[in-house]
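Novice: sequence and predicted structure are below.
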Amino acid sequence: DAKTTQPPSMDCAEGRAANLPCNHSTISGNEYVYWYRQIHSQGPQYIIHGLKNNETNEMASLIITEDRKSSTLILPHATLRDTAVYYCIVSLFSGGYNKLIFGAGTRLAVHP
Amino acid sequence: ETGVTQSPTHLIKTRGQQVTLRCSSQSGHNTVSWYQQALGQGPQFIFQYYREEENGRGNFPPRFSGLQFPNYSSELNVNALELDDSALYLCASSDLRDNRPGNTIYFGEGSWLTVV
């Protein structure tokens, strides 16, 4: 079962920041938060991941609350090509393997 | 480009047949995982291979099996295909050299399997 809750859909205007929320209230101390996106019929694309500190890379920023029960993915200047399903995932690391448990994701539509 | 390549990209099989899907992991990655994604759903974890051994498995029956080779490439085999096996099969590679959580996991573009 997915350990995250995301809104099913969001809209964003091109050029504006897209802020995608995620709740993971049952996250454990050593579980990471991952974000992936999937553009129609393609493989999931890695965006970013973090444990408890905020993270930033060339694609996005990840803001994790201090209690780690929620996070926000920020795309600073959304473009039409950012239209995709965005998955927030809490990774289960058990027995030496990393298992990504995907939920339904958020369908982000970026419009002109 | 993730460096994870899968083949074939599309294939059609008949119910009851067997299928083999192939994956080449990103250079330097020693771990391969397989996921099944049915239409309109998120990917579901099938299993993971590390150092040629299956070291984790999701809720899939034994007719789903795999192999990992010394060069870290991998195969997913599905026997006795059922109509519900129609899905996108995704391979993901990572480096568990440090055997710790939090490593980056990269996916390939997948193999579309249609069972008729």
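Specialist: Nice, I can see it.

Novice: show me where pLDDT drops low in chain A?
Specialist: Residue ranges of chain A with pLDDT under 70: A:1-2, A:96.

Novice: against chain B, how distant is the residue lying farthest from the centre of chain A?
Specialist: Distance from the C-alpha centroid of chain A, by Cα atoms, centre = their mean, peaks at A:Gly95 (24.6 Å). Applying Cβ to the nearest Cβ, to the nearest Å, the value for A:Gly95 to chain B is 6 Å. In this view, the C-beta of every residue, glycine as well, is placed from N, C-alpha and C.

Novice: what of A:Pro8?
Specialist: For A:Pro8, the distance to chain B equals 12 Å [Cβ to the nearest Cβ].

Novice: contacts only, for that residue.
Specialist: A:Pro8 makes contacts with A:104, A:106-107, as judged by Cβ atoms under 8 Å, 6 or more residues apart in numbering or on different chains.

Novice: these two touch, right, the residue farthest from the centre of chain A and B:Asn55?
Specialist: Yes: taking contacts as Cβ atoms under 8 Å, A:Gly95 lies within contact range of B:Asn55: 6.5 Å.

Novice: verify the stated contact: A:His49 with B:Tyr106.
Specialist: No: A:His49 is beyond contact range of B:Tyr106, at 11.8 Å (criterion: Cβ under 8 Å).

Novice: list the residues that contact residue 25.
Specialist: You didn't say which chain, so I picked chain A. A:69-70.

Novice: actually chain B
Specialist: B:Ser25 makes contact with B:3-4, B:31-32, B:72-74, B:91, B:93 under the criterion Cβ under 8 Å, 6+ apart.

Novice: mind redoing it with 7 Å?
Specialist: By Cβ atoms under 7 Å, 6 or more residues apart in numbering or on different chains, the residues touching B:Ser25 are B:4, B:32, B:72-73, B:93.

Novice: chain A: strands as residue ranges?
Specialist: A:9-13, A:18-23, A:33-38, A:45-50, A:55-56, A:61-64, A:70-75, A:84-94, A:97-100, A:106-111 (DSSP state E).

Novice: buried deepest among the ones you listed, which one?
Specialist: Highest mean neighbour count of these: strand A:33-38, a mean of 24 (counted as mean count of other Cβ atoms under 10 Å in any protein chain shown).

Novice: packing partners of that strand?
Specialist: strand A:45-50, strand A:84-94 (3 or more Cβ pairs under 7 Å, 6 or more residues apart in numbering or on different chains; DSSP states H and E).

Novice: go again with 8 Å.
Specialist: The contact analysis (3 or more Cβ pairs under 8 Å, 6 or more residues apart in numbering or on different chains; DSSP states H and E) places strand A:33-38 against strand A:18-23, strand A:45-50, strand A:61-64, strand A:84-94.

Novice: export those strands as TSV, with columns for distance to B:Ser25.
Specialist: Shown next, in TSV, are those (distance: least, Cβ to Cβ, whole Å):
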stretch	distance to B:Ser25
strand A:18-23	28
strand A:45-50	14
strand A:61-64	25
strand A:84-94	18
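
Novice: out of these, which comes closest to B:Leu81?
Specialist: B:Leu81 lies closest to strand A:84-94 among those, at 27.0 Å (Cβ to Cβ).

Novice: neighbouring strands - and their directions - for the helix or strand containing B:Leu76?
Specialist: Secondary-structure assignment from DSSP states H and E places B:Leu76 in strand B:74-78. Strand B:74-78 pairs in its sheet with strand B:19-24 (antiparallel), strand B:64-68 (antiparallel), by DSSP bridges.

Novice: that's all I had, so thanks and see you.
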